[in-house]
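**Q** Make a model of this:
(one chain, ligands or ions: 2)
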Amino acid sequence: MKILILGSGGREHAITRRLASDSPAPELHAAPGNPGIAQLATCHDVAVTDLDGQVRLADELQPDLVVIGPEAPLVAGAADRLREAGHTVFGPSAAAAVLEGSKSWAKEIMAAAGVPTAASVTVAAVEELAAGLDRVNPLADVPYVVKADGLAAGKGVVVTEDRDAAITHAEAVLTAGGQVVLEEFLDGPEVSLFCVSDGTRVVPLAPAQDFKRALDGDQGPNTGGMGAYSPLPWAPDGLVEEVLQKVARPTIAELAGRGIPFVGVLYCGLALTSRGLRVIEFNARFGDPETQVVLARLASPLAPLLLAAARGELAEETQLDWSEDSAVTVVLASAGYPVTSRSGDPITGIEDAEQLGAHVIHAGTALADATLVSAGGRVLSVVGTGADLEAARALALRATEAIGLEGSHHRSDIALRAATDEQAANEVTA
Ligand code: AMP
Ligand code: GLY
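**A** Ligands and ions are numbered 1, 2, ... in the order given. The predicted structure follows:
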């Protein structure tokens, strides 16, 4: 089987890596890819935003399957263009990807489908802001949640107890011509669950947890994600089934009923609140860096799953096999991320990290005269696996610390609490 993967980040490297370990191994191509992906696939110099170039490349290669990684080309209509040209595509149409591209539309779909989510108000003008904030948080007793309506690479959301800061963020989005969604604050732990759909049927992957804030202790600004782990030993039994029943299936059915079948990954970002399960956000693709840990644990072959979804032939009773191992990833970010990022700094120590037993996913790297250098905010995603979360976490951290990148930073508490709780629970049962 020949597969073309579109994208250049950590998610696409993780997808490529997992596809490469299918048996029989598919022939892999990527566009544009990155230096990590290039070790596993033939990379083609076509930008993520170059839809014409992507169609030309697919026409030339005639892959059995095209997998679209990032949201930007999906929202821009890459899947539509490729399908029109006769290709088999894993990734939603532009119309379906609006689920990620517009938080206000996602709210509308959830309301129509009866999917539990935070109460919200969409605001289009600065004059409506104060009344909107009063409506979603009348007692001003919990943090304000202000979201840019459009795509923002995970950085459009501000959660703050400071009303002035909420207003400042909202005004910045509004004066730039966007809308904001003001939301009720959701307490409780977050879970990311990827649901593969062929437009009507849904097959869930394993749940993961992402760490959105830049700094240890969930301090600092929101980022695209600074680390993740899977499985979630603390998650209630039946969580995945509950998400399927209350969230994924009704959403997929609502979209299908509107003539907008969703083919790809419906990423359900969830909060397990004191009042029950709520959707925080939908994305129209695999999450980054959760993909790095989820696919590291997937024991079933990946290519047939994605191909079946792309063909509209997913078997709902598909039972995927999962490794008993835990996986933890730590993201190594460049100086200044998420506010700015620094590129062009040499990266050292990847081999040392891998000799420790971890694997290193490239997220924002480039080759400059045969030297591997940073090329973005999130530079590497270091994945450790082990018998439990503590083993996986310790390995991921040790390996991250073996890597040299001037000015870089990473969190040291990814999966810490879950690992500690898991060990305590094991001691009780031992
Ligand atoms: P989003 O881009 O919508 O996933 O938001 C990014 C992050 O902001 C989420 O992962 C949460 O940590 C936080 N967040 C978003 N919406 C809410 C909410 N309604 N209540 C509490 N935290 C939220
Ligand atoms: N890790 C969050 C996201 O992929 O949107």
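
**Q** drop to CA atoms for contacts and neighbour counts, all remaining ones
**A** OK.

**Q** For E242, pull up the helix or strand it's in.
**A** helix 239-243 (DSSP states H and E).

**Q** Tell me which residues of the helix or strand just after that helix come out buried.
**A** Following helix 239-243 in sequence order, the next helix or strand is helix 249-257 (DSSP H and E). Buried residues in helix 249-257, defined by neighbour count with 16 or more other C-alpha atoms under 10 Å: 249-255.

**Q** Partner strands of the next helix or strand after helix 249-257 and their direction?
**A** The C-terminal neighbour of helix 249-257 among helices and strands, as given by DSSP H and E, is strand 263-273. Paired with strand 263-273 in the same sheet, following DSSP bridges, are strand 190-198 (antiparallel), strand 276-283 (antiparallel).

**Q** Could you list the residues in contact with the shortest one?
**A** The contact list for strand 276-283 (C-alpha atoms under 8 Å, 6 or more residues apart in numbering) reads 71, 97, 99-100, 103, 106, 115-118, 186, 247, 266-272.

**Q** Does the helix or strand following that strand reach ligand 1?
**A** Note on strand 276-283: by DSSP H and E, the next helix or strand toward the C-terminus is helix 290-297. No: in terms of C-alpha under 6 Å from any ligand atom, no part of helix 290-297 sits within range of ligand 1; the closest distance is 12.2 Å.

**Q** Using CSV, list the CA coordinates for helix 290-297.
**A** What follows is helix 290-297, C-alpha atoms only, in CSV (Å, rounded to 0.1, in the frame of the first residue of the first chain):
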residue,chain,number,x,y,z
GLU,A,290,-1.4,13.2,22.2
THR,A,291,-0.9,11.3,18.9
GLN,A,292,2.6,10.6,19.9
VAL,A,293,1.5,8.6,23.0
VAL,A,294,-1.7,7.1,21.6
LEU,A,295,-0.1,5.7,18.5
ALA,A,296,2.9,4.5,20.5
ARG,A,297,0.5,2.2,22.3
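
**Q** Which strands and helices lie in contact with that helix?
**A** Counting contacts by 3 or more C-alpha pairs under 8 Å, 6 or more residues apart in numbering; DSSP states H and E, helix 290-297 is packed against helix 10-20, strand 227-230, strand 326-333, strand 378-386.

**Q** coming back round to it: can you tell me which of the contacts of strand 276-283 are classed as buried?
**A** 71, 97, 99-100, 103, 106, 115-118, 186, 247, 266-272.

**Q** Around ligand 2, which positions in the stretch 201-350 of the chain sit nearby?
**A** Residues of the stretch 201-350 of the chain lying near ligand 2 (C-alpha under 6 Å from any ligand atom): 210, 224-225, 287-289.

**Q** Just the closest of those to A30, please.
**A** D288 (17.4 Å; C-alpha to C-alpha).

**Q** Just give the closest residue to the closest one, not the sequence neighbours.
**A** Among residues not flanking D288 along the chain, R11 sits closest, at 5.3 Å (C-alpha to C-alpha, 6 or more residues apart in numbering).

**Q** who touches that neighbour in this structure?
**A** R11 neighbours (C-alpha under 8 Å, 6+ apart): 69, 286-289, 291-292, 363.

**Q** separation between it and ligand 1?
**A** Distance of R11 to ligand 1, given as C-alpha to the nearest ligand atom, to the nearest Å: 17 Å.
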